[in-house]
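Undergrad: no FASTA, just this:
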C-alpha cells in the first residue's frame, strides 16, 4: 500500500508518517523545503496531478497549512488549503478514483459559543484561515457527490516536542527549561485563563487513521474533548522544571483573545473506537524530556 502526505514537514506529518511506516505502508512525503521528503507545492496543480497519477496512492493526506488566523497570511493559506484541496481532489477524480483523501479542518472554522464543538455545528468565516478551511470542506462535499471518498477531520489544539516556539505551549516549555538552566529571561504571555485542548499529535494521527478507515462517516471532530487553561499547563511545566512560574512570568491581560474556550465534542470519532490517551501532565513530560538534535 502507498500513501502521500502533503505537509510532511509538520508535527502531524511526522507522526503520521511514522504510523504508516509501522504498518508497512510506503510513504511519499511532500514538503516545500526538506532534505528528507520530496520537494513540491500542493498549490501547483501540475505537480499534484503528476504525483498522484504516477503513484496511484491508496491514501492521500492534506495536512499542509500555516496554522495561524493572521490576516497577513491570507494568500498563503488560500493557496495551500483551498487551492491545494482542489488540486488534490481534481487529480484524484481524473486519475486515481480509488484513493481515499483526508483533509485537515479546524475547530476555529465553527461558531464558538463556549460549548463543545461537533462536526455538524455551523461554520463562521471570521478569519482568512477559517475561510480557507470552509472552502476546503465544501470542495470535499462536492467531490463526494462525484463518488470520491473524501474525509474531513476537524482538529483542535494539539502539540508535541516538534512544535516551534511560536506556539505558546512550546514557548512555555522551552523558556522554563532555559530558565531552569540559568537563563535570566522572562516568560512573556498573554491571557493565561484561556482554555483549550492539549492533545498529543501522536494520539491525533491515530485518530486520523481510525477515521479514514471507516466507510460511512466522512466528517468528524478529532479532539480530546477536554479543555485546560494555559495556567494549568504553566503549573505542570513549572513543577516539572522546578520553578515557581509566578516569579518568572508576565502576562498582558488587556490582550484581545480569539476565544475564552475552544473544546471539541469527539463523540463521533469516539464511536469508531478512538480516544486520546496522553494526559496533560504526560504531554508536558514528553515535551520537556525530548532532546532536540
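TA: Everything's here; your move. Quick caveat, the model's predicted, so the values are computed rather than measured. Residues are numbered from 1 along each chain as shown.

Undergrad: Regarding this structure, what is its longest helix?
TA: helix 128-145 (DSSP state H).

Undergrad: Report the distance from the next helix or strand after that one to the chain centre.
TA: Per DSSP states H and E, the first helix or strand lying C-terminal to helix 128-145 is strand 149-155. Mean C-alpha position of strand 149-155 versus that of the full chain (CA atoms, centre = their mean, to the nearest Å) differs by 12 Å.

Undergrad: Could I get the average pLDDT for strand 149-155?
TA: For strand 149-155, the mean per-residue pLDDT is 98.

Undergrad: Starting from the helix or strand following that strand, tell me which strands it pairs with and how they run.
TA: Per DSSP H and E, the first helix or strand lying C-terminal to strand 149-155 is strand 158-159. Looking at strand 158-159 with DSSP bridges, its partner strands are strand 199-200 (parallel).

Undergrad: What's the mean pLDDT across the strand it pairs with?
TA: For strand 199-200, mean pLDDT rounds to 97.

Undergrad: which outside residues touch that strand?
TA: For strand 199-200, contacts defined as CB atoms under 8 Å, 6 or more residues apart in numbering pick out 156-160, 223-224, 276-278, 282-283, 286. Glycine gets a C-beta too; all of them are placed from N, C-alpha and C.

Undergrad: May I see those organised as a markdown table, with neighbour count and distance to residue 43 added?
TA: Formatted as a markdown table, these follow (neighbours: other CB atoms under 10 Å; distance: CB to CB, whole Å):
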| residue | neighbour count | distance to residue 43 |
| --- | --- | --- |
| 156 | 25 | 26 |
| 157 | 22 | 26 |
| 158 | 27 | 25 |
| 159 | 24 | 27 |
| 160 | 25 | 26 |
| 223 | 29 | 28 |
| 224 | 26 | 31 |
| 276 | 24 | 32 |
| 277 | 12 | 35 |
| 278 | 21 | 33 |
| 282 | 12 | 37 |
| 283 | 25 | 33 |
| 286 | 16 | 33 |
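
Undergrad: quick one, the longest helix of the chain and strand 149-155 angle?
TA: Angle, helix 128-145 to strand 149-155, by axes from the mean of the first three to the mean of the last three CA atoms, to 10 degrees: 150 degrees.

Undergrad: Output the contacting helices and strands for helix 128-145.
TA: Applying 3 or more CB pairs under 8 Å, 6 or more residues apart in numbering; DSSP states H and E, we find helix 128-145 packed against helix 74-77, helix 84-95, strand 100-106, strand 149-155.

Undergrad: who wins for proximity to residue 130 among those?
TA: Evaluated over these, closeness to residue 130 peaks at strand 100-106, with 7.4 Å, by CB to CB.

Undergrad: Can you list the strands that that closest one pairs with?
TA: strand 59-62 (parallel), strand 149-155 (parallel).
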